[in-house]
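would you be able to build a 3D model of this:
(2 chains)
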Amino acid sequence: SQTIHQWPATLVQPVGSPLSLECTVEGTSNPNLYWYRQAAGRGLQLLFYSVGIGQISSEVPQNLSASRPQDRQFILSSKKLLLSDSGFYLCAWGKGDRETGELFFGEGSRLTVL
Amino acid sequence: SQKIEQNSEALNIQEGKTATLTCNYTNYSPAYLQWYRQDPGRGPVFLLLIRENEKEKRKERLKVTFDTTLKQSLFHITASQPADSATYLCALDRGTGFQKLVFGTGTRLLVSP
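Numbering: from 1, shown residues only, chains lettered A, B, ... in the order given. A predicted model of the protein is given here:
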């Protein structure tokens, strides 16, 4: 069966510090991978998606970047965090099949920037 | 502009009753619409998907309807239980030919014993 792991689960970082969130998927190959952010009282905002190794598409201009160094690994990074980067970050994978279309989410990483 | 709207107010119902949650959208032409459940501090979990050519879809106590003319989906939980208490998110496909979902803000459901 497929599983998705995301870490760290919680982190508190000062403004201006770097960030690295990691996500790995097991039990499937060539998944579509996504990073979403959920701010308090707001819906999930798609940040990045990837259809393959090294292929990253950004949805909104921001202080963050993403990389996919391996087929089932997705990393979200920042060189210098802003207060507005605080939120609940969710990694997800999908089969890319429009007939099914569901996404499978990780448990999330809660980031607080102080 | 494009919008997905769910009632931001919590829905409180008595155990055993039917909960009905609404999702409205504007300026989208989705190929399908999905519903997810999210518990506090957890990632969303997929519940149901309904395609644009389907009027209704059922799964156990869950029922989803999809009216592309009204641009609305209704999500029903029959014989609700306290364990159904959670936030329910609707999501739709942008119709861009790629699996990119746009999510509503969710409606919190509280089922009282």
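
the strands in the chain, which residues?
If you meant another chain, say so; for now it's chain A. With DSSP state E as the criterion, chain A has strands at A:3-7, A:10-13, A:19-26, A:32-38, A:44-52, A:55-58, A:65-70, A:73-78, A:87-94, A:103-105, A:109-113.

um, chain B though
Remark: strands assigned in chain B by DSSP E are B:3-6, B:11-14, B:19-26, B:32-38, B:45-51, B:56-59, B:62-67, B:72-77, B:86-93, B:101-103, B:107-112.

got the strands of chain A as a markdown table, with mean neighbour count, mean pLDDT and distance to chain B columns?
Using the backbone N, CA and C atoms, a C-beta is placed for each residue, glycine as well. Putting those into a markdown table (neighbours: other Cβ atoms under 10 Å in any protein chain shown; pLDDT from 0 to 100; distance: least, Cβ to the nearest Cβ, whole Å) gives the following:
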| stretch | mean neighbour count | mean pLDDT | distance to chain B |
| --- | --- | --- | --- |
| strand A:3-7 | 17 | 95 | 8 |
| strand A:10-13 | 13 | 96 | 9 |
| strand A:19-26 | 18 | 97 | 11 |
| strand A:32-38 | 24 | 94 | 6 |
| strand A:44-52 | 20 | 92 | 4 |
| strand A:55-58 | 14 | 91 | 9 |
| strand A:65-70 | 15 | 96 | 14 |
| strand A:73-78 | 19 | 97 | 14 |
| strand A:87-94 | 24 | 95 | 5 |
| strand A:103-105 | 23 | 94 | 3 |
| strand A:109-113 | 18 | 96 | 7 |
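
rebuild those strands as TSV, extending it with distance to B:L92.
Below are the strands of chain A laid out as TSV (distance: least, Cβ to Cβ, whole Å):
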stretch	distance to B:L92
strand A:3-7	22
strand A:10-13	30
strand A:19-26	24
strand A:32-38	15
strand A:44-52	12
strand A:55-58	19
strand A:65-70	23
strand A:73-78	23
strand A:87-94	14
strand A:103-105	12
strand A:109-113	25
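
quick one: A:Y89 and A:G108 touch, right?
Yes - judged on Cβ atoms under 8 Å, A:Y89 makes contact with A:G108 at a distance of 6.5 Å.

quickly list what's touching both of those two.
A:Q38 (Cβ atoms under 8 Å, 6 or more residues apart in numbering or on different chains).

may I have the phi/psi pair for B:P44?
In terms of degrees, to the nearest 10, the main-chain angles of B:P44 are phi -60, psi 150.

ok, it touching A:G108?
No - if you go by Cβ under 8 Å, B:P44 and A:G108 don't touch, sitting 9.4 Å apart.

which of these two has more neighbours?
For the pair B:P44 and A:G108, the greater number of neighbours falls to B:P44 (28 against 22), based on other Cβ atoms under 10 Å in any protein chain shown.

ok, now which ones touch the closest residue to A:R68 other than its chain neighbours?
Excluding its sequence neighbours, the residue lying closest to A:R68 (Cβ to Cβ, 6 or more residues apart in numbering or on different chains) is A:S50, at 4.6 Å. Contact analysis of A:S50 by Cβ under 8 Å, 6+ apart lists A:N32, A:L33, A:Y34, A:I56, A:S57, A:A66, A:R68, A:F74.
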